[in-house]
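Q: Provided below are the primary sequence and the corresponding predicted coordinates.
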Amino acid sequence: MCSGQAIPTYGDKRRMRIGLLGGSFNPAHRGHLALAHIALRSLALDQVWLMVSPGNPLKAGRDMAAFEQRMESVRHLVDDPRLVVTDIEPRLGTRYTVDTVRKLHRRFPLAHFVWLTGADGLVTLSRWKGWHQLVKAIPVAVMPRPGHNYAALHSAAGRYMARWRIPSRCASLLPEQKPPVWVFMSGPQDEISSTSIRQRGHFRVAQATPQPLGKLFSGERS
Ligand SMILES: Nc1ncnc2c1ncn2[C@@H]1O[C@H](COP(=O)(O)OP(=O)(O)OP(=O)(O)O)[C@@H](O)[C@H]1O
Ligand SMILES: O=C(O)c1ccc[n+]([C@@H]2O[C@H](COP(=O)([O-])O)[C@@H](O)[C@H]2O)c1
C-alpha cells in the first residue's frame, strides 16, 4: 500500500496534472507515444506536453533537423487530444530544463508538473545544468527502456535520487508529491529510437540553419 508512506503532498488534488515530455524528436516515434500514454494512465495525468527542444545542450547539431521539421513530426504522431505538442521552450527563451521548469512553475502556478523521461535520461542527468535543483523542483517519472535500465539505477543521478524513489504501484500519487520524488514506471519496453530511424534513412534531415533561440518563435517571450 502507498498510504503507509510518509510522503509530503501539496494537499490540493484538483489542480491540473501535466506531464512534460521534453525531447529532440528527431524524429518522433512510437516510443514517445507509448511513454506519453503510459504516463497518462499510470500517473493519472490530465495532459502530456510534448515539448520540442530548440536543441539539446548535450547533442551536437550535425544531424539535427530544423525545429519546425521536428515539431511537424510530433504533430503527425499524436493521436489523443490530451497530448499537446508545444514549442514552449523557444517561447520562454529556454534551452536548459531547469530554466524551463522554473519558468513554467511561475507561469502556471496551479499546475502539478511531472518531468517524464526514458531511462537513458536518468543516465545523463548528472551532466545537465543544475540537475540537483531540477530534481528538487519537479517530480520525475522514468520509463524503462531496453539497454538503459541497469545503467539508470546505478548512474550518479540514480544513486543520488534513490532515497526519494516511490514504488511504481504508487505512481498515480506522484504529481501531487512535493519533490524530490520519483518513480520508475512499469510498462512494456520498446527498442525504437530516433537514431535507428535516421540510420535506416526513414527521416530525411532538412538542413537546419543555426538560429538564436528568440528567432525560433516570433511571439511573446518572458
Ligand atoms: N523507446 C523508448 N522508450 C522509452 N523512452 C523513450 C524511447 N524513445 C525515446 N524515449 C524518451 O523520450 C524522450 C525524448 O527522446 P528523444 O527525442 O531523444 O528520442 P530518442 O529515440 O532517444 O532519440 P536519439 O536516438 O536521437 O537519441 C527522452 O526522455 C527519451 O528517453
Ligand atoms: O538541461 C539540460 O542540461 C539538458 C541536457 C540534456 C537534455 N535535456 C533535455 O532532455 C530532454 C530530452 O532530450 P533528448 O535530446 O534526449 O530528446 C529535452 O527536453 C532536453 O532539453 C536537458
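A: Received the coordinates, thanks. In this text, all values refer to a predicted model and were calculated from it rather than measured experimentally. Ligands and ions are numbered 1, 2, ... in the order given.

Q: is any part of the lengthiest helix in the chain close to ligand 2?
A: For the chain, the helix with the greatest residue count under DSSP state H is helix 30-42. No: for a cut-off given as C-beta under 6 Å from any ligand atom, helix 30-42 has no contacts with ligand 2; the smallest distance is 8.9 Å. Every C-beta, even on glycine, is put in place using the N, C-alpha and C of the backbone.

Q: Toward the C-terminus, what is the element adjacent to that helix?
A: strand 47-52 (DSSP states H and E).

Q: give me the number of residues near the closest residue to ligand 2 within the chain?
A: Closest residue of the chain to ligand 2, C-beta to the nearest ligand atom: Gly22 (2.1 Å). Using other C-beta atoms under 10 Å, Gly22 has 21 other residues around it.

Q: Going forward, the N-terminal residue is numbered 12.
A: Yep, numbering from 12; the last one is Gly33 now.

Q: Now do the same for it: helix, strand or coil?
A: Recorded secondary structure, Gly33: strand (DSSP: H, G, I helix; E, B strand; the rest coil).

Q: Just give the closest residue to it, not the sequence neighbours.
A: With sequence-adjacent residues excluded and distances taken as C-beta to C-beta, 6 or more residues apart in numbering, Gly33 is closest to Met62, at 4.5 Å.

Q: bridging residues for the one you found?
A: Beta bridges link Met62 to Gly33, Thr97 when assigned by DSSP bridges.
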